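Trainee: model this:
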Amino acid sequence: MMKREHPSIWTGLALAAALAAGAAGAQEAAEPATLLGTSVIAQGVENKAPFEPAWKFPASVGSLVCWTEVKAAEAPTTIVFLWRHKDRDVYRSVQPVKRIPWRTWSRKDIPPSASGPWSVEIQDEKGAVLKTLGFMIEPASRPADR
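Mentor: From the prediction side, this is the model:
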């Protein structure tokens, strides 16, 4: 006589496997597909590397760059640099990522009157925030009264 297995055993095993696969998939989905390495605000880029990085700059700086390394992504893709001054969006730059690893940057003119707190939000192509860098533009110095 052949032994019959109860159908609920297979149903239970199938349900457990589906739940486990769903949990693993949710964990993978929670991890960003794009991974950044070093990211800095600097006075410029020379030979694809940032120079004079800092977090505080004089009002006379003229322009700044937000430079970043992309360590992992499903290339080709794009990186978005959202520049903010005093919590107000002032400039958005979309840059290509053609392969991995990749270095990219966005340049923004900084008028002398734009002192105060600034930030650059680096986003993936879907708008997920990957990193936020804050920096300060010092007030322009006033000439001494005579």
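Trainee: In this structure, what residue spans correspond to strands?
Mentor: 35-46, 49-53, 56-57, 62-72, 77-85, 88-97, 102-110, 116-123, 129-137 (DSSP state E).
Trainee: can you redo these as CSV with mean pLDDT?
Mentor: What follows is the strands of the chain, written out as CSV (pLDDT from 0 to 100):
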stretch, mean pLDDT
strand 35-46, 97
strand 49-53, 96
strand 56-57, 98
strand 62-72, 96
strand 77-85, 97
strand 88-97, 97
strand 102-110, 97
strand 116-123, 98
strand 129-137, 98
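Trainee: burial of Trp102, as a residue count?
Mentor: Here the number of neighbours of Trp102 (other Cβ atoms under 10 Å) works out to 19. Heads up, the C-betas are built off the backbone N, CA and C, glycines and all.
Trainee: I figured it hits Ala75, correct?
Mentor: Yes - in this structure, Trp102 is within contact of Ala75 by Cβ atoms under 8 Å, at 7.1 Å.
Trainee: For Trp102, see how far away Pro117 is.
Mentor: 29 Å (Cβ to Cβ, to the nearest Å).
Trainee: my bad, should have said Pro50
Mentor: 15 Å.
Trainee: can you pull the contacts of Val45?
Mentor: 51, 65, 67, 105 (Cβ atoms under 8 Å, 6 or more residues apart in numbering).
Trainee: could you redo the last one with a cut-off of 10 Å?
Mentor: Applying Cβ atoms under 10 Å, 6 or more residues apart in numbering to Val45 gives the contacts 51, 65, 67, 103-105, 107.
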